[in-house]
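Trainee: Need coordinates for the following:
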Amino acid sequence: EKKGSILDIGSNIGFFTFKFAEKGYLSHGVEADILNILISNSIKEKYKISNAIFSQDIVDEIFIRKMSDYFLINNLSVFHHWVKRFGEEKALNMLREISEKCECMFFETGQYNEKEMDWSQLLDFMGNNPKEWVIKKFKSFGFKKVEVIGQFPTGLNNVNRYLYFAKK
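Mentor: You can find the predicted model right below:
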């Protein structure tokens, strides 16, 4: 198993950051909510986990330009928030730039068919087949292999979201 570093964007209380650390990766969780950072650091201390770090930050264009390269980026339930906050063009640019900073990425995003969500109409640029859109977009970013590894509920509505794995 190849060891390396991972970035978990929007790490919440650190579930995935800790899972990757458990597997031997140097894991960096980035989260905007200070309370989640405090909880993550408490868990880290309690279980004496030395290869996980947490930082409070907002992942935006400035953060992406300054950040290190990682073996893997965990980018789950973030992209649709970027679209809502920064607009389609800037969000796509951020996704492209972050793709240049890793070998692999787990990716999942809100989908246009989550009609009751206030951001769903902002994702109509993905067209009628968001799965094909994501695969094509990631291939254009230089990933050789892009696959759907499952569909999962979010608890927000009754729409299952696609989970992708992209590898260069």
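Trainee: where does the most centrally placed residue in the chain sit relative to Glu116, distance-wise?
Mentor: Per Cα atoms, centre = their mean, the C-alpha nearest to the average position across the chain is that of Asn75, at 0.8 Å. Asn75 sits 24 Å away from Glu116 when distances are taken as Cβ to Cβ, to the nearest Å. Placement of C-beta: from N, CA and C, glycine included.
Trainee: same thing with Lys66?
Mentor: For Lys66, the distance to Glu116 equals 36 Å [Cβ to Cβ].
Trainee: Next: Thr154.
Mentor: Separation of Thr154 from Glu116 (Cβ to Cβ): 12 Å.
Trainee: Neighbour count for these two, which is higher?
Mentor: Between Thr154 and Glu116, counted using other Cβ atoms under 10 Å, the more crowded position is Thr154 (15 against 9).
Trainee: Quick check: that one is in a strand.
Mentor: No - residue state for Thr154 (DSSP: H, G, I helix; E, B strand; the rest coil) corresponds to coil; a strand is not indicated.
Trainee: which residues does it contact?
Mentor: 77, 160-161 (Cβ atoms under 8 Å, 6 or more residues apart in numbering).
Trainee: Buried ones among those?
Mentor: Buried members of those, scored by 16 or more other Cβ atoms under 10 Å, are 77, 161.
Trainee: quick one: which of the contacts of Thr154 sit in strands?
Mentor: Of the positions in the contacts of Thr154, Arg161 sit in strands, assigned by DSSP state E.
Trainee: what residue ranges in the chain are flagged as low confidence?
Mentor: Applying pLDDT under 70 to the chain flags the ranges 1-3.
Trainee: one more time with 50, if that's ok
Mentor: Residue ranges of the chain with pLDDT under 50: 1-2.
Trainee: now the strands for it?
Mentor: Here the chain has its strands, by DSSP E, at 5-9, 26-31, 52-56, 70-76, 102-108, 145-152, 161-167.
Trainee: Next one: the residue of the chain most remote from its centre from Gly29, what distance?
Mentor: Relative to the centre of the chain, the most outlying C-alpha is that of Lys46, 26.1 Å out, by Cα atoms, centre = their mean. Distance of Lys46 to Gly29, given as Cβ to Cβ: 16 Å.
Trainee: Same check on Leu35?
Mentor: Distance of Leu35 to Gly29, computed by Cβ to Cβ: 14 Å.
Trainee: more neighbours, these two?
Mentor: Shown here are Leu35 and Gly29; by other Cβ under 10 Å, Gly29 has more neighbours (30 against 10).
Trainee: May I have the residues that are in contact with that one?
Mentor: Counting by Cβ under 8 Å, 6+ apart, Gly29 makes contact with 8, 11, 14, 16-17, 40, 52-55.
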